[in-house]
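J.: Following is a predicted model, sequence given first.
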Protein chains: 2
Amino acid sequence: MSERESERSVSQTVRAQMALRDLILSGSLRPGERISELQAVEITSVSRTPVRLALVRLEDEGLLQAIPSGGFMVKAFSERDILDSIELRGTLEGLAARFAAERGASARSLEPLKECLADLDQLVRQDPISVEAFSAYVTLNARFHALLTELSGSAPVIRQIDRASAMPFASPSAFVMAQSALPEAHNILLIGQEHHRIVVDAIENREGARAEAIMREHARLAVRNLRLALRNRNHLDLLPALALLTSATSD
Amino acid sequence: MSERESERSVSQTVRAQMALRDLILSGSLRPGERISELQAVEITSVSRTPVRLALVRLEDEGLLQAIPSGGFMVKAFSERDILDSIELRGTLEGLAARFAAERGASARSLEPLKECLADLDQLVRQDPISVEAFSAYVTLNARFHALLTELSGSAPVIRQIDRASAMPFASPSAFVMAQSALPEAHNILLIGQEHHRIVVDAIENREGARAEAIMREHARLAVRNLRLALRNRNHLDLLPALALLTSATSD
DNA sequence: AATCGATTTCCTGTATACATCTTGAATTCT
DNA sequence: AGAATTCAAGATGTATACAGGAAATCGATT
């Protein structure tokens, strides 16, 4: 999940992958644009072999699309695609929460999640929430979701959630920063935190259906955030992931 | 989905991928076993470049696991993993069915699904079901599930379902053939077909919750099949996918 | 006899050269 | 003038050579 790998001593493949991903997410490479290997070689300054590997990895990461006749192009997403991806993540996280509840997560395994919950509580308590607090929230929120996912105890489920969350606009914290510019910011954060509390409670009490339902609803909070952010377009710069959106945003 | 690509004129990468997949699924390469590139080169008779590509593809297909120090090993699965993968597919297909229902699939788009349903009906009507009929059922069943998935109208959902179904033991038709040897065979097929009927009806009537619930339950039929097949182990040879199961089956 | 260390071997990561196919443009024919 | 065909340029698929590193084996020392 962390991409701060000291820059040097990482494989050329990973370096190329990161460089290309940044270029795609920043919008330097437009959706639909074909990206040739030689182009990528020039950009990343590594040879074709690792570049090709990076392209393949980015393809199944979901950022690129294979062209039938060979090569890749930057994938384009509709607003509907983004909303669906969020709903998809919510559904999968719901499954994870249900598994955690039904299978009786031990008190010990719940401990880290509760700690994370407490940390989040402390953050949302401040009334005018600073930008730094928002940043910290993003980190803690990601951690909460990761812990919850792991609590499912199911490798296939964890794997699938990771893949779904790999889409930059579908990750649990994708649109949190967008809130920071909104007047409703604090309220939304409070509601999200309430969801967190409920899912922990539900898991603790073995209430599978409740745990599942609340995680689905929780994801829909991200949908709300996105819609709000798109409406007052002032702060779209906080959402680099939207560079992948077709017929949208800028210009 | 079909792998009959005329053998010649397919890329070396694909050829290597198919060959290695067959070897893994047939159990020739044991779970946990490390598979070196040179080994793969000898097996497939193609050079290292396409072999490496094939290995990467098989990794995100889920059959291989990357070793931190480099290289790959055949992934091993517990019985729990398999059951979870099936539940996972059911959950995703439930989401697809709900989308199809909520978004109002047009009468025209429902047509192929209904045709497929009718074809299936004709098959399950015979009382002692021949082995050939079972085979035909597998094909039609796969088609039904594919059509249903597409009816969601959501590319992200379709993509995720395809990925989940790529696991050989999680595909909709994985354990149908195992039934053919069971006395309960006909009943299970009838129940499955009833599920098919219900989901079409639910979609037609815009009953999202019903459509979702029935697809979840439908997947659990596969769980039942698997459990039955594992109990009377006579016909495990019909389940090549189980070669990936750890501490199990043969010997 | 066991453990530590050094050497050797094999394996992966990377770069590049070559062949084939696709694509686009220019020219020619209708 | 428009369309079709051919040719050229570039891009991808494939093979292989080279380098760096990991792991296993063998030997030496305690």
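T.: That came through, no problem.
J.: now the closest residue in space to residue A:154 that isn't next to it in sequence: how far from residue A:19?
T.: Excluding the flanking residues, the one nearest residue A:154 by C-beta to C-beta, 6 or more residues apart in numbering or on different chains is residue B:84, at 4.4 Å. (Each C-beta comes from the backbone N, C-alpha and C, glycine too.) Applying C-beta to C-beta, to the nearest Å, the value for residue B:84 to residue A:19 is 36 Å.
J.: Ok, residue A:85 next?
T.: Taken as C-beta to C-beta, the span from residue A:85 to residue A:19 is 24 Å.
J.: Residue A:12 now?
T.: 10 Å.
J.: again with residue A:226
T.: Residue A:226 is 27 Å from residue A:19, by C-beta to C-beta.
J.: swap in residue A:70?
T.: Counting by C-beta to C-beta - residue A:70 and residue A:19 are separated by 22 Å.
J.: between the two, who's got more neighbours?
T.: residue A:19 (17 against 9; other C-beta atoms under 10 Å in any protein chain shown).
J.: Skipping its backbone neighbours, what lies nearest the more buried one in space?
T.: Using C-beta to C-beta, 6+ apart, the closest residue to residue A:19 is residue A:44 (4.9 Å).
J.: Tell me if I'm right that that neighbour and residue A:13 touch.
T.: No: under the criterion of C-beta atoms under 8 Å, residue A:44 makes no contact with residue A:13, lying 9.9 Å away.
J.: what sits in contact with each of the two?
T.: With contacts defined as C-beta atoms under 8 Å, 6 or more residues apart in numbering or on different chains, the residues adjacent to both residue A:44 and residue A:13 are residue A:54.
J.: okay, now residue A:220: neighbour count?
T.: For residue A:220, using other C-beta under 10 Å, the count is 14.
J.: Contacts only, for it.
T.: By C-beta under 8 Å, 6+ apart, the residues touching residue A:220 are A:86, A:87, A:90.
J.: now residue A:168
T.: Applying C-beta under 8 Å, 6+ apart, we find residue A:168 in contact with A:25, A:63, A:174, A:240, A:241, A:244.
J.: which parts of the helix or strand containing residue A:84 are buried?
T.: Element membership of residue A:84, judged by DSSP states H and E, is helix A:79-102. By 16 or more other C-beta atoms under 10 Å in any protein chain shown, the buried positions in helix A:79-102 come out as A:79, A:81-102.
J.: Please list the residues outside whichever helix or strand comes after it that contact it.
T.: Tracing the chain past helix A:79-102, the next element assigned as helix or strand by DSSP H and E is helix A:107-125. Residues outside helix A:107-125 that contact it (C-beta under 8 Å, 6+ apart) are A:129, A:133, A:136-137, A:140-141, A:143-144, A:147-148, A:151, A:186, A:189-190, A:193, A:196-197, A:200, A:203-204.
J.: Now do the contacts for the closest residue to residue A:11 other than its chain neighbours.
T.: Nearest-residue entry for residue A:11: residue A:50, 7.1 Å, with adjacent residues in sequence omitted and distances by C-beta to C-beta, 6+ apart. Residue A:50 sits next to A:11, A:12, A:13, A:15, A:16 when contact means C-beta under 8 Å, 6+ apart.
J.: so where do the helices sit in the stretch 101-250 of chain A?
T.: A:107-125, A:131-151, A:155-165, A:176-179, A:185-204, A:208-231 (DSSP state H, counting those that start in this stretch).
J.: would you list the ones you listed in CSV and tack on mean pLDDT and distance to residue A:31?
T.: Shown next, in CSV, are the helices of the stretch 101-250 of chain A (pLDDT from 0 to 100; distance: least, C-beta to C-beta, whole Å):
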stretch, mean pLDDT, distance to residue A:31
helix A:107-125, 94, 34
helix A:131-151, 93, 25
helix A:155-165, 98, 20
helix A:176-179, 78, 20
helix A:185-204, 94, 29
helix A:208-231, 93, 17
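J.: I'd like these as JSON lines, with distance to residue B:162 appended.
T.: Listed next are the helices of the stretch 101-250 of chain A as JSON lines, based on distance: least, C-beta to C-beta, whole Å:
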{"stretch": "helix A:107-125", "distance to residue B:162": "32"}
{"stretch": "helix A:131-151", "distance to residue B:162": "21"}
{"stretch": "helix A:155-165", "distance to residue B:162": "12"}
{"stretch": "helix A:176-179", "distance to residue B:162": "30"}
{"stretch": "helix A:185-204", "distance to residue B:162": "29"}
{"stretch": "helix A:208-231", "distance to residue B:162": "21"}
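J.: burial count for the residue lying closest to residue A:188 once chain neighbours are set aside?
T.: Nearest residue to residue A:188 in three dimensions, chain neighbours excluded: residue A:179, at 5.5 Å (C-beta to C-beta, 6+ apart). For residue A:179, the count of nearby residues is 25 (other C-beta under 10 Å).
J.: Over to residue A:189?
T.: For residue A:189, the count of nearby residues is 22 (other C-beta under 10 Å).
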